[in-house]
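>>> Please work out how this folds:
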Amino acid sequence: MCFISAQGYTPATKIGIDMKTPYLSDTVHLEGTVLESREKVRQMIYETRMVFDQLSADAEMIIRKLVATFAKTQGT
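A predicted model of the protein is given here:
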């Protein structure tokens, strides 16, 4: 996953994300490890890549649906 944040993260940092989507009424908690965090706008915006750790069944379902939706909008 790649996301934008207001702070940079050191590679190997463990982070958690609470994600809300239209697919579930509750938030889904995702945990992972930072692979890389690059400064995009000096001291303001960072692009961070992470890899997910073990996902719950709900989290895995959400990720699959989001990827499928994105693929359809991109024509793939």
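
>>> I figured D53 hits I17, correct?
No: applying C-beta atoms under 8 Å as the test, D53 and I17 come out as separate, 11.3 Å apart. For glycine as for every other residue, the C-beta is placed from the backbone atoms N, C-alpha and C.

>>> for the chain, longest strand please?
strand 28-41 (DSSP state E).

>>> quick check: mean pLDDT across it?
When pLDDT is averaged over strand 28-41, the result is 94.

>>> And for stretch 58-76?
83.

>>> can you list the residues that contact it?
Contact partners of stretch 58-76, identified using C-beta atoms under 8 Å, 6 or more residues apart in numbering, comprise M19, T21, Y23, L24, V28, H29, L30, F52, L55.

>>> got the contact list for the one helix or strand I15 maps to?
Per DSSP states H and E: I15 is located in strand 14-19. The contact list for strand 14-19 (C-beta under 8 Å, 6+ apart) reads 1, 3, 9, 27-34, 50, 53, 62.

>>> Now with 7 Å, please.
The contact list for strand 14-19 (C-beta atoms under 7 Å, 6 or more residues apart in numbering) reads Y9, T27, V28, H29, L30, E31, G32, T33, V34, M50, I62.

>>> tilt between that strand and strand 28-41?
Following axes from the mean of the first three to the mean of the last three C-alpha atoms, to 10 degrees, one obtains 110 degrees for the angle between strand 14-19 and strand 28-41.

>>> Note down every partner strand of strand 14-19 and its orientation.
strand 28-41 (antiparallel) (DSSP bridges).

>>> buried stuff in the strand it pairs with?
Buried residues in strand 28-41, defined by neighbour count with 16 or more other C-beta atoms under 10 Å: V28, L30, G32, V34, S37.

>>> Show me the strands paired with the helix or strand following it, marking each as parallel or antiparallel.
The helix or strand immediately downstream of strand 28-41 is strand 45-52, counting by DSSP H and E. Applying DSSP bridges to the sheet, strand 45-52 is found paired with strand 2-5 (antiparallel), strand 28-41 (antiparallel).
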